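# sequence and predicted structure below; questions after.
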Amino acid sequence: MSEFSFCSSDFRAEPYWWNMTPRPAPLASALPESTDVLVIGSGYTGLHCALQTAQAGRDTTVIDAEDLGWGCSSRNGGQISGEIKPGYEELSRRYGRDDALALVREARSALDWLGEFVADQGLECDYQQCGRYLAAHNPRQFRKLVAQAQQQIPGLEQNLQIVEKRDQASEIDSDYYHGGLVIERHCGVDPAKYHQGLLNLVADSGGKLFGHCAALGIEAVGDGFKVQTSRGVIKTRELVVATNGYTGIVTPWQRRRVIPIGSYMLATEPMNQERAERLMPGRRVYSDTRRIVVYFRRSPDGRRLLFGGRVSVFESDPIRSLPALRQEMLRILPQLEDVKISHSWMGFVGYTFDTLPHLGRQDGIHYAMGYCGSGICLASYFGNRIGRQLLGESEGDSIFNRPRFQTRPLYSGNPWFLASAVRYYQLLDRLM
Ligand SMILES: Cc1cc2nc3c(=O)[nH]c(=O)nc-3n(C[C@H](O)[C@H](O)[C@H](O)COP(=O)(O)OP(=O)(O)OC[C@H]3O[C@@H](n4cnc5c(N)ncnc54)[C@H](O)[C@@H]3O)c2cc1C
């Protein structure tokens, strides 16, 4: 195993976050025969939806095929943006200027909403408005960032600061980048602590939570649905699908519209504070301008580096992906050569063909998914919206209900085109 001599003696192929927040023990109680609202998927989407319905007095049941919160919601990078992938110009071409403005504004307002939610509920999850350092991977991209900061779209202005390469050490001790942009609004969180806080809120509101309970089949019956699960049949009046990058054959309409893409992360062993401080004095969340993006940050205790991205063309596993992911980290921060790796993990984010997240109702089934890697904020917000829509509350209205949730011919949920797409984007990243 000399190939892995860079791993620490206590190395684990699971999320670093689970060290502090282990997956909750499964409940032994039996699945009820019926419920008002059944939510499939116990990540941020499912739990925020369940919180709304449980608090409104609806008998609410959440099921997950694995441990509760096993999906992306306890294994992500902890970087919160409230941004959608398509920019304003692209959205204007598609939907006109007014809707473009409304889409970007609503996504951004979701970030304010989330900050207020965490504060109001007193969730202890290391939530911080730390700002993002968006680093330019070449001079051309730096010039684009400067233009972006200097010519902001009227009505969408935000606090952005240009950092020249010569001043960059105040943000990151790296020669790899050509300067960057600080986006003040962006935040960081411990994603698993945040998830655990939500789980407690749902349980305290009367929601029933069942891990290791996979939905296997859905049948529409008179006034609702009969759902076959691995723990028996449950009848429900309202059904919500909150499975995002793990959407399976049980909901084929949604599966044809979500593209699961693996994202891979590692954590280093703890460094001494002084060294970690020198590495990233800004203590921000970090990402760069590449299409095949990397993202990283210091752990909330400040002592580790958590580094993520996609380094392989084909899907891999957290062990096989680790050497290449570490090499990518060392390209940016070569001074970490002697620092051992303590954790490696991966998960599937849910992309969409129009790179927008979607929510709505199809064949009577509510859904919210497709956050394209920005789900901490948007999954939370969309979960809340879908819960409110289900309750018939006008506060649940969202402009994101409008864009059509597209699929493509011959796509049934297995992204056969992904390897070619990754190769293509890697080439573009090298060229521009
Ligand atoms: C490595 C990584 C890093 C990321 N970094 C960031 C980041 O820094 N910032 C950010 O905003 N986003 C990030 N994301 C994305 C973000 O975590 C997700 O968008 C978000 O957590 C989605 O939440 P969700 O509730 O919709 O889905 P998930 O949390 O993925 O939950 C879906 C659940 O559905 C369950 N499920 C599936 N099928 C069934 C079934 N048939 N029956 C029962 N249960 C089922 C799964 O077991 C799973 O637990 C990252 C993701 C990964 C993998």
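Alright, I've got the coordinates.
# C-alpha only now, for contacts and for neighbours.
Noted.
# would you agree R185 is in contact with G131?
Yes: taking C-alpha atoms under 8 Å as the definition, R185 is a contact partner of G131 at 5.6 Å.
# the two: which has the busier surroundings?
Between R185 and G131, counted using other C-alpha atoms under 10 Å, G131 has the larger neighbour count: 23 against 19.
# list the contacts for that one?
V182, I183, E184, R185, H186, C187, R284, V285 (C-alpha atoms under 8 Å, 6 or more residues apart in numbering).
# pipe these into CSV and attach distance to G46 per row.
Below are the contacts of G131 laid out as CSV (distance: C-alpha to C-alpha, whole Å):
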residue, distance to G46
V182, 32
I183, 29
E184, 29
R185, 26
H186, 23
C187, 22
R284, 28
V285, 26
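# let me know the closest of these to the ligand.
V285 (8.5 Å; C-alpha to the nearest ligand atom).
# number of nearby residues for that closest one?
Neighbours of V285 under the rule other C-alpha under 10 Å: 28.
# was I right about it contacting R297?
Yes: applying C-alpha under 8 Å as the test, V285 and R297 come out as touching, 4.9 Å apart.
# list the beta-bridge partners for F307.
F307 has the following beta-bridge partners by DSSP bridges: L266, F296.
# isn't it right up against V285?
No: counting by C-alpha under 8 Å, F307 sits too far from V285 to count as a contact (10.5 Å).
# give me the common contacts of those two.
Looking at what touches both F307 and V285 (by C-alpha under 8 Å, 6+ apart), the common residues are Y295, F296, R297.
# in JSON lines: those, plus neighbour count.
Output for those, formatted as JSON lines (neighbours: other C-alpha atoms under 10 Å):
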{"residue": "Y295", "neighbour count": "20"}
{"residue": "F296", "neighbour count": "23"}
{"residue": "R297", "neighbour count": "25"}
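# list just the nearest of those to D363.
If you rank the shared contacts of F307 and V285 by distance to D363 using C-alpha to C-alpha, Y295 comes first, at 37.6 Å.
# ok, the spatially closest residue to that closest one that is not a sequence neighbour - contacts?
In this structure, Y295 finds its nearest non-sequential neighbour in S287, 4.2 Å apart by C-alpha to C-alpha, 6 or more residues apart in numbering. Contact analysis of S287 by C-alpha under 8 Å, 6+ apart lists R132, Y133, L134, A135, V293, V294, Y295, F296.
# parallel or antiparallel, which strands does the helix or strand containing the third one pair with?
Assigned by DSSP states H and E, L134 belongs to strand 132-135. Strand pairing for strand 132-135, using DSSP bridges, gives strand 180-183 (antiparallel), strand 285-288 (parallel).
# deepest-packed of the ones you listed, please.
Between the strands paired with strand 132-135, strand 180-183 has the highest mean count of neighbours, a mean of 24, where neighbours are mean count of other C-alpha atoms under 10 Å.
# and the contacts of it?
Counting by C-alpha under 8 Å, 6+ apart, residues outside strand 180-183 touching it are 131-136, 142, 145-146, 149, 158-165, 168.
# run the last query once more with 10 Å
Outside of strand 180-183, the residues within contact range by C-alpha atoms under 10 Å, 6 or more residues apart in numbering are 81, 130-139, 141-146, 148-149, 158-165, 167-168, 171, 282, 284-289.
# please save the CA atoms from that strand in CSV.
Only the C-alpha atoms of strand 180-183 are listed here, as CSV (Å, rounded to 0.1, in the frame of the first residue of the first chain):
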residue,chain,number,x,y,z
GLY,A,180,-9.3,36.6,-7.5
LEU,A,181,-12.6,38.0,-6.3
VAL,A,182,-13.9,38.1,-2.7
ILE,A,183,-17.7,37.6,-2.6
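# that strand - what's its average pLDDT?
Along strand 180-183, the predicted local confidence has a mean pLDDT of 98.
# distance between it and the chain's centre?
Taking the mean C-alpha point of strand 180-183 and that of its whole chain, the gap between them comes to 21 Å (C-alpha atoms, centre = their mean, to the nearest Å).
# which is the next helix or strand following it?
Once the chain leaves strand 180-183, the next helix or strand it forms, by DSSP H and E, is strand 187-188.
# run through who's touching that next one.
Contacts with strand 187-188, where a contact means C-alpha under 10 Å, 6+ apart, come from 77-82, 111, 115, 125-132, 283-285, 297-300, 376-377.
# what's the next helix or strand after that strand packed up against?
Scanning forward in sequence from strand 187-188 by DSSP H and E, the next helix or strand is helix 191-204. Helices and strands in packing contact with helix 191-204 are listed as helix 17-20, helix 44-55, strand 60-63, helix 97-121, strand 208-210, helix 375-390; criterion 3 or more C-alpha pairs under 10 Å, 6 or more residues apart in numbering; DSSP states H and E.
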